[in-house]
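J.: A predicted structure for the sequence below; I have some questions about it.
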Amino acid sequence: VRTSRWKFIKRSYKRALVIIRKNNAFTEGFWRALGKEFMEKNIEYQPVRFEGEYVTDFPDDPEKYHPKVKAILKAAVNYQKISDDPNKEGAIIILGFAHEVEFFLRAFKEMNLEAQIYTTSAVDTKEFMENAADVAEGIVFPKMFDQHSVESDLASKFIFNYYEKKKRNPDLFVAYGYDAAFWMQVDREPNP
């Protein structure tokens, strides 16, 4: 089933800056699907790519940003909220890992940039929500796993057992790991 990645982004945006982590199957794959939808819907977009090593540590001085990061931040200014002309307002989409999303959120805060930020489910972890709480207010991302909405007895049992052992609910990546292990086991069983 093909679902629209644009559906989780506010429909009124006619333009978007898409910040993409380079050389990563997840982010590049997401971008190919999203970019195709942008073209189909006549949404103006500006893709910019970054290397993971550009955003490992948040500098104490904005002048210490990598030149590529500086260029991305300069581009982001053109997508901030503009009250007098909502047609110029654009969305900013960050396709990266949670720590990279946090990096850009902190940089935007440092710049006093006010824009609607969208990202992937990579931020749907307890660690991200704790570490980036001061800069993540208002970001939008798709929720891929909700332990309160499972329909399978096996998954419910796993969630219960995980909580009993770890004293916290499983996040998206734990759910992915469980699915992978479960289906590997199923694939090993002989077919009747």
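T.: Perfect, thanks for sending it.
J.: quick one: contacts of stretch 18-26?
T.: 27-28, 31, 34-35, 45-52, 72, 76, 92-97, 100, 104, 120, 122 (C-beta atoms under 8 Å, 6 or more residues apart in numbering). For the C-beta atoms, the positions are set from N, CA and C on the backbone; glycine is no exception.
J.: where do the helices sit along this protein?
T.: 25-40, 67-77, 98-110, 126-131, 153-166, 172-188 (DSSP state H).
J.: for Asp57, find the nearest of the ones you listed.
T.: helix 98-110 (8.3 Å; C-beta to C-beta).
J.: what angle sits between that closest one and helix 25-40?
T.: 60 degrees (axes from the mean of the first three to the mean of the last three C-alpha atoms, to 10 degrees).
J.: and helix 98-110 with helix 67-77, angle?
T.: Using the same axes, to 10 degrees: helix 98-110 against helix 67-77 is 60 degrees.
J.: tally of neighbours for Lys74?
T.: Counted with other C-beta atoms under 10 Å, residues neighbouring Lys74 total 11.
J.: from what I can see Gln46 touches Ala16, true?
T.: Yes: counting by C-beta atoms under 8 Å, Gln46 touches Ala16, with 7.4 Å between them.
J.: neighbour count winner among these two?
T.: The neighbour count for Gln46 versus Ala16, taken as other C-beta under 10 Å, is higher for Ala16 (22 against 15).
J.: residues in contact with that one?
T.: 9, 38, 43-46, 79, 90-93.
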